[in-house]
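In: Build me a structure from this.
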Amino acid sequence: MTLTEAFAAQARVCPALGSPFMGQLMGVIGARITPDHGTLARRMFDWPGDVSSAGASLPLRLAGGLHALVLQGDDALVVVYPPNAVGDDALWDAVSGAMLQHEAFLHAWIDSPPQTNELRRAAVLRAMGQWLTARFGLPLELCELGASAGLNLNWDRFALTVRGQTFGPADPVITLAPDWTGPLPPDATPRITTKRGVDLNPLSPDTDHLRLMAYLWPDQADRLARMDAALTLPAVGVDRGDAADWLEALTAQRPDTCRLICHTVAWQYFPDDTAARARAAIERMGDAATQTTPVAWFGMEADGGAGAALTLRLWPGDLTLAVGRVDFHGRWVNWALT
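Out: Below you'll find the model as predicted:
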């Protein structure tokens, strides 16, 4: 997919995910950017490999950098960003100017892939935690791959409201209320013994506030408010490293615990070798699982269908169970587990 095609594809997707502004921004840039528009544009056109959302997500890298400039108060961009509404010409004038004026900043920004830390994805993590608690009656060890800032490892501090029923703490930091179809998750309160995470480029809630906010979309005030609330929680430690290396080095599972290994829109970015080694490491843990030390592997990843597929492998027994599907931003959940 070419860079122009990647911007056009993102322009179609963003409105469907509730962001008309991002649809306009992606469409305007994709239609007007040319390789001779400065060194940043040239670098983007010459980018090796897949630049689309299935690969490097280059359009969203640029969008995050531009939003960061807005959050820092760039005068020219602030007036064309939400809550203001402007035409395509005015938007392009401001964005193209920023791409030239702030080339060094944006070059550095697009070095890293987007890390959205989408908090509404925690709805399915909470539901899975409740399901495993009801099934095994054991405390959970949480292990997240591609954990970024570790914010979704705090899903036990979030409430989930489904069809008028609320699960979670009495004083939740945030409450998630997706459009839910299928069975309700069991009313079981998870107990968490440890929270662990790994990421190639972990973000810190203390020092990376700008990056965490910038990857959210400017016309989605509810997402920005949830992020502000989640950032009040103490940080969960996330190790810097390769997911396969990290899994291979995990300490032995504690007795009488269920180990939950999870990832949300992360596995698809793993190189083939990392994915193969990570899978093998998880399967080795599964082979060693017992009824008092079960292992669950739960994923939320794109598979070409509507939203993301929810997958679960469970040991002992190496069971593969149908879980359902979820919107990439957690706005709806089609849950299949009973």
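In: What residues sit buried inside stretch 176-184?
Out: Neighbour-count burial for stretch 176-184 flags 176, 178, 180 (criterion: 16 or more other C-beta atoms under 10 Å). From N, CA and C alone the C-beta is placed, and that goes for glycine too.
In: residues touching the second one, list them.
Out: Okay, so that is residue 178. 120, 123, 162, 326, 327, 330, 331, 332, 333 (C-beta atoms under 8 Å, 6 or more residues apart in numbering).
In: who touches the fourth one in this structure?
Out: Applying C-beta under 8 Å, 6+ apart, we find residue 326 in contact with 121, 123, 124, 178, 300, 307, 308, 310, 332, 333, 334.
In: Mind checking which of these are in helices?
Out: 123, 124 (DSSP state H).
In: Serialize the contacts of residue 326 to JSON lines and add fields for distance to residue 189.
Out: Converted to JSON lines, the contacts of residue 326 look like this (distance: C-beta to C-beta, whole Å):
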{"residue": "121", "distance to residue 189": "20"}
{"residue": "123", "distance to residue 189": "16"}
{"residue": "124", "distance to residue 189": "17"}
{"residue": "178", "distance to residue 189": "20"}
{"residue": "300", "distance to residue 189": "22"}
{"residue": "307", "distance to residue 189": "28"}
{"residue": "308", "distance to residue 189": "26"}
{"residue": "310", "distance to residue 189": "21"}
{"residue": "332", "distance to residue 189": "25"}
{"residue": "333", "distance to residue 189": "20"}
{"residue": "334", "distance to residue 189": "24"}
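In: Buried only: go through the contacts of residue 326 for me.
Out: Neighbour-count burial (16+ other C-beta under 10 Å) is assigned, among those, to 121, 123, 124, 178, 300, 307, 308, 310, 332, 333, 334.
In: of all the residues you listed, which comes closest to residue 14?
Out: residue 307 (14.8 Å; C-beta to C-beta).
In: Touching, that closest one and residue 332? I think so.
Out: Yes - the pair residue 307 / residue 332 is scored as a contact, 7.3 Å apart, by C-beta atoms under 8 Å.
In: Kindly tell me how buried residue 90 is, as a neighbour count.
Out: Residues lying near residue 90 (other C-beta atoms under 10 Å) number 14.
In: Buried residues in the strand or helix carrying it, which are they?
Out: In this structure, residue 90 sits in helix 88-101 according to DSSP states H and E. Judged by neighbour count using 16+ other C-beta under 10 Å, the buried positions of helix 88-101 are 91, 92, 94, 95, 96, 98, 99.
In: so which strand or helix has residue 9?
Out: Using DSSP H and E, the element containing residue 9 is helix 3-16.
In: give me the low-pLDDT residue ranges for the chain?
Out: For the chain, no stretch has pLDDT under 70.
In: how about the closest residue to residue 330 other than its chain neighbours, what does it touch?
Out: Sequence neighbours aside, residue 120 is the residue nearest to residue 330 in space, at 2.7 Å (criterion: C-beta to C-beta, 6 or more residues apart in numbering). Neighbour list for residue 120: 176, 178, 223, 226, 329, 330, 331 [criterion: C-beta under 8 Å, 6+ apart].
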